[in-house]
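1. Quick one: sequence and predicted model below, then my questions.
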Amino acid sequence: MVDRIPYVVKEVVDEASDVKTLKLVPESGPIFDFKPGQFVNLALHMREGPVEFLSKPYSISSSPANKDYLGLTIKITEREGSFPKLVATLRPGDKVFLMGPFGVFTFDPVKHKDVVMVAGGVGITPFHSMISYATDRKLSNKLLLLFSNKTCSETIFYKEFDELAKLNPNFKYLCTATREEGDLSLPIARGRFDQDRILQACGGSVEGKHFMLCGSTPFVEGFRDMLYAMGIAKDHVLYELFGSGV
Ligand SMILES: Cc1cc2nc3c(=O)[nH]c(=O)nc-3n(C[C@H](O)[C@H](O)[C@H](O)COP(=O)(O)OP(=O)(O)OC[C@H]3O[C@@H](n4cnc5c(N)ncnc54)[C@H](O)[C@@H]3O)c2cc1C
């Protein structure tokens, strides 16, 4: 049985109309150690109903170097009885429980010298942790983020990525929106990533690059198969599936 570690909601940040970041602090002691890219199970205590706790996995979106809080960035779905709908009711001061950290979808500064991070929607969360970490630690690893969303308004963290790119000369990013909806004035490209666009973003060659992919299962599997079709070796493609519900 994995321990449930009590944490307290310090702040809730609205990242977009349907995405919130919970900034969590331990009820006592320091934040546990974790690797950038790992996830936790977030457990909520149920006051009524047949089960005592409900839990779901969430990638940690904050950097391990950030000792002020641990961030979880969660897409809120309005579906009755969904876990994210319960998350939306959390307020500062509320108690939650974390189990973990878990997972092997992690940024390894020694192995990932030249890495392309591919995120679909809320699949950006582990990359936000990795990029913030590499910037905090002033690492020389080359990081390219390809971030795809349905609309410009759903493109969370893009202002922060702009700041991170100013702080970290080794970090570049390209955000795209596939639909002509929302705030079209934002500096976000349009359309899907295809082989030509990936190659262009990679400076004309994918030689020696490691790819990390995260997002909904259809997004990640589609992108992964496109990378395989481009001849990228399977051991250079690491991915995390968030399921079909995100
Ligand atoms: C390693 C990992 C990391 C993750 N990190 C994040 C993260 O950082 N941020 C984030 O937002 N999410 C993340 N997720 C996804 C998250 O765990 C939940 O799956 C997501 O929040 C959706 O939860 P849900 O309860 O709505 O539905 P789900 O977990 O998708 O599904 C719950 C059940 O409801 C069913 N269901 C789904 N949709 C419907 C529907 N419309 N009507 C009826 N039944 C339905 C499903 O079939 C399933 O049986 C992560 C997932 C994994 C595996």
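-> That came in fine, so what should we check first?

2. Domains of this structure: list them as residue ranges, please.
-> Per automatic domain parsing, the structural domains of the chain span 5-102, 114-241.

3. OK, contacts around the closest residue to Gly208 other than its chain neighbours?
-> Excluding the flanking residues, the one nearest Gly208 by Cβ to Cβ, 6 or more residues apart in numbering is Asp114, at 6.0 Å. Placement of C-beta: from N, CA and C, glycine included. By Cβ atoms under 8 Å, 6 or more residues apart in numbering, Asp114 lies in contact with 141-142, 208-210.

4. Give me the distance between Asp114 and the ligand.
-> 25 Å (Cβ to the nearest ligand atom, to the nearest Å).

5. who's that residue bridged to?
-> Lys142 (DSSP bridges).

6. Now do it, the pLDDT please.
-> With respect to pLDDT, Asp114 has a value of 98.

7. Please list the residues of this protein that sit near the ligand.
-> Residues of the chain lying close to the ligand (Cβ under 6 Å from any ligand atom) are 39, 56-59, 73-75, 77, 79, 82-84, 122, 125, 240, 242-243, 245-246.

8. If you count contacts, what does the helix or strand of the chain with the lowest mean pLDDT end up packed against?
-> Scoring the helices and strands of the chain by mean pLDDT, DSSP states H and E places strand 189-190 at the bottom, with a mean of 87. The contact analysis (3 or more Cβ pairs under 8 Å, 6 or more residues apart in numbering; DSSP states H and E) places strand 189-190 against strand 171-177.

9. for the spatially most central residue of the chain, helix, strand, or coil?
-> Note on the chain: the residue nearest the mean C-alpha position is Thr125, at 1.3 Å, using Cα atoms, centre = their mean. Under the three-state scheme (DSSP: H, G, I helix; E, B strand; the rest coil), Thr125 adopts helix.

10. So Glu27 is in contact with Lys95, correct?
-> Yes - assessed by Cβ atoms under 8 Å, Glu27 is found in contact with Lys95 at 7.0 Å.

11. How about the protein: which residue is closest to the ligand?
-> In the chain, the residue that lies nearest the ligand is Gly245 (2.1 Å; Cβ to the nearest ligand atom).

12. Please list only the buried members of the residues of the chain next to the ligand.
-> Among the residues of the chain next to the ligand, the ones that count as buried by 16 or more other Cβ atoms under 10 Å are 39, 56, 58-59, 73-75, 83-84, 122, 125, 240, 242, 246.

13. Which of the residues you listed fall within strands?
-> Here DSSP state E is the test, and those give 39, 56, 58-59, 73-75, 240 as lying in strands.

14. Quick one: mean pLDDT for stretch 165-176?
-> For stretch 165-176, the per-residue pLDDT averages 96.

15. Over to stretch 136-145?
-> Stretch 136-145 comes out at a mean pLDDT of 98.

16. Put the alpha carbons of stretch 220-233 into PDB.
-> C-alpha atoms of stretch 220-233 as PDB (Å, rounded to 0.1, in the frame of the first residue of the first chain):
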ATOM      1  CA  VAL A 220       0.300  10.800 -29.100                       C
ATOM      2  CA  GLU A 221      -0.200   7.600 -31.100                       C
ATOM      3  CA  GLY A 222      -0.700   9.500 -34.300                       C
ATOM      4  CA  PHE A 223       2.400  11.700 -33.800                       C
ATOM      5  CA  ARG A 224       4.500   8.600 -32.700                       C
ATOM      6  CA  ASP A 225       3.500   6.800 -35.900                       C
ATOM      7  CA  MET A 226       4.400   9.800 -38.000                       C
ATOM      8  CA  LEU A 227       7.900   9.900 -36.300                       C
ATOM      9  CA  TYR A 228       8.400   6.200 -37.000                       C
ATOM     10  CA  ALA A 229       7.400   6.800 -40.600                       C
ATOM     11  CA  MET A 230      10.100   9.500 -40.700                       C
ATOM     12  CA  GLY A 231      12.600   6.800 -39.800                       C
ATOM     13  CA  ILE A 232      13.200   7.800 -36.200                       C
ATOM     14  CA  ALA A 233      14.300   4.900 -34.100                       C
END
